[in-house]
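1. This is the structure alone, sequence omitted:
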């Protein structure tokens with residue numbers, strides 16, 4: 001009987017672990033993308049620093065945005081601040097790379113996000129391109145604020161326990 005309970009517990013645990021939460025980006029969304037100059041490690045590190053330094057302003061922006069129109073207006077207003085942050089990040093890292101910031105309809109390649117595939121195409125977005133913009137990119141959704149959902153999920157200190165492990169430890 002104990003073996004049947006253990007097998008059943010393992011089966012239930014495996015099923016629950018394989019269940020991936022799907023987040024669907026609505027059609028009325030504003031995406032955010034930071035494209036690195038290239039895929040070399042220095043350029044990718046610089047891209048991450050730019051994203052991290054923009055995080056505070058992005059966080060403020062998404063808290064204020066209660067509607068798509070309000071989000072659009074707030075993004076347009078904040079572009080000079082975003083530009084200052086990117087320029088400051090490049091200078092602090094002794095980079096002579098150029099950058100562009102474009103808000104509007106921008107091309108996105110096909111992406112998979114939380115188990116959902118999003119088609120390539122033109123999407124309303126804020127895109128920051130570093131240098132030649134030939135490297136891998138960071139992307140998320142500003143409105144609705146799916147960038148923050150990911151960050152909050154990743155930053156929570158959660159201790160997971162396994163029923164199966166507890167059962168095995170208890171009986172073996």
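-> Nice, thanks for sending it over. What you see is a predicted model; the values in this text were computed from it and never measured.
2. Tell me who's in contact with the residue positioned nearest the centre of the chain.
-> When the chain is reduced to its mean C-alpha position, the nearest residue by C-alpha atoms, centre = their mean turns out to be residue 140, at 4.1 Å. For residue 140, the set of contacting residues under the criterion of C-beta atoms under 8 Å, 6 or more residues apart in numbering consists of 31, 32, 146, 147, 150. C-beta: built from backbone N, CA, C; applies to glycine.
3. any idea which of those is closest to residue 130?
-> Comparing the contacts of residue 140 against residue 130 with C-beta to C-beta places residue 32 closest, at 14.2 Å.
4. isn't there a helix covering the closest one?
-> No - according to DSSP: H, G, I helix; E, B strand; the rest coil, the state of residue 32 is strand, so it is not within a helix.
5. So what sits opposite it in the bridge?
-> Applying DSSP bridges to residue 32 gives these bridge partners: residue 126, residue 140.
6. Do I have it right that it meets residue 125?
-> Yes - Residue 32 is within contact range of residue 125, at 6.5 Å (criterion: C-beta atoms under 8 Å).
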